[in-house]
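Peer 1: Structure for this input, please:
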Amino acid sequence: MMKYFLLLLFSLPCFSQVLFEGVIKDAATKEVLQGASIYVPNSTRGTYSDLEGKFSLVLPITSKEIVVSFIGYTTIKTNIDLSDGKNLNKTIYLREIKNELNEVIVIKQKRDKNWEKMFQVFKTNFIGNSEIAINAEILNPEDLILNEEETPGKYKLTANANKPLQIKNKTTGYIISYELIQFNHIVIGHSQIYTFYLGYPFFKDITKEEKLNQKKIQKKRLEAYLGSPMHFIRALYNQNLTEEGFNVRQLIKTPNPDYPSDTELEKILTEVKQTNDYSLIRKLPQKEINKLETTLLPISKFTIEENEKKLIKFDNYLYVTYIKAAPDEKYLIYSPKSESTFQVSQLKNEDEPVEYFADGNYYNPANLFFYGYMGWKKVGDMLPFDYQP
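Peer 2: Got it, this is the predicted structure:
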């Protein structure tokens, strides 16, 4: 199957790709920038500017975005339209990051015990702790900027970075250069946990240079792919969800009138803190009442087509079950018993419709949230959108 796919790939006509080239310069001085990164986010397609600031990159005409970054400069992400098949030549200007005194901003934090504690929280909720992600290593943790806020009943951790994070995972055979834009991890009480992160990952295959076992790498990549958001979106685009192993039903969540108000909840959490009586939390009712529909939801009920675009649009939640693979054993430690056989996830569409693409990508990611199993998997399980099983 793999050889046949490659034959199909190489037989594609030449107009399916275009040459994107140009030069990277400092916006103020107009001097060229050597070593700037130019890449398609969430892919292995990328390059660096040379001694003259020039770059050259062959891209599929389906590419939608390009990211340009350089240490000490503001990263830019811009949409590109290559559908006409014409080559592009651009001069790209980057602005140096400076403060009000016109000084370059570089923040370094002392790596004491508190920093190490915050780092472990960050790593667990950014890299993940699945059997695949647990082997991922952040090579430059010194470039992380971590801050936490603690109030009665609430914990918040935010993260930024001076440079792209270099995340090496020999299990999947990638180094991910991750331009971290935003990371928020919020814990309310002992049951409500919210993690949101946004950034631009660029993948480099290290299988050959690290002399990794190719068959094991392929097996682990497939394991990470099956049941993932990328797998789901691709199956949705091709309208073969059932064939690929996904069952989709509607999940309706409504507020539970018996759940305490914020004021009442704060009093309970304060009492717990004073008495160490955690049974008060265990006795709390569910915050929401869930009603799960029994019949499968047709694709037409949560997608629309508009101006030749495929869009995800639905109210409340989608309840997605992937039946062709069991969940990671580490996930089962804290998950309901009902989720012990299959991978169970919930999807929430916020505010606006989300456009989705054949490679499994979707835009805007801030309008589509994954909970349950898909939400549990983090960056350590990520694959580039040009991955093919």
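Peer 1: Give the helix, strand or coil label for residue 271.
Peer 2: helix (DSSP: H, G, I helix; E, B strand; the rest coil).
Peer 1: Which parts of the stretch 1-150 of the chain are helices?
Peer 2: In the stretch 1-150 of the chain, the helices defined using DSSP state H, counting those that start in this stretch lie at 2-10, 113-126.
Peer 1: ranking those helices by mean pLDDT, which is last?
Peer 2: If you rank these by mean pLDDT, helix 2-10 sits at the bottom with a mean of 31.
Peer 1: Below-threshold pLDDT in the protein: ranges please.
Peer 2: For the chain, the stretches with pLDDT under 70 are 1-15, 98-109, 152, 189-191, 278, 281-282, 337-338.
Peer 1: residues in contact with the closest residue to residue 322 other than its chain neighbours?
Peer 2: Distance criterion C-beta to C-beta, 6 or more residues apart in numbering; nearest residue to residue 322, sequence neighbours excluded, is residue 227 at 3.7 Å. (C-beta placed from N, C-alpha, C; glycine too.) Each residue near residue 227 by C-beta atoms under 8 Å, 6 or more residues apart in numbering is listed here: 245, 322, 324, 325, 343, 373, 374.
Peer 1: State whether the fourth one and residue 344 are indeed in contact, as I suppose.
Peer 2: Yep, that's residue 325 we're talking about. No - between residue 325 and residue 344 there is no contact under C-beta atoms under 8 Å: 11.8 Å.
Peer 1: ok, the two, which is more surrounded?
Peer 2: residue 344 (23 against 16; other C-beta atoms under 10 Å).
Peer 1: What strand or helix carries the more buried one?
Peer 2: For residue 344, the host element (DSSP states H and E) is strand 343-349.
Peer 1: picking up where we left off before, where does the residue nearest to residue 322 land in three-state SS?
Peer 2: coil.
Peer 1: And it, how far from residue 323?
Peer 2: Residue 227 sits 9 Å away from residue 323, taking C-beta to C-beta, to the nearest Å as the criterion.
Peer 1: who touches both of these two?
Peer 2: Common neighbours of residue 227 and residue 323, counting by C-beta under 8 Å, 6+ apart, are residue 245.
Peer 1: and the nearest residue to residue 292 once chain neighbours are set aside, what is it in contact with?
Peer 2: Sequence neighbours aside, residue 251 is the residue nearest to residue 292 in space, at 5.3 Å (criterion: C-beta to C-beta, 6+ apart). The neighbours of residue 251, taking C-beta under 8 Å, 6+ apart as the test, are 290, 291, 292, 293, 316, 317, 318, 319, 346.
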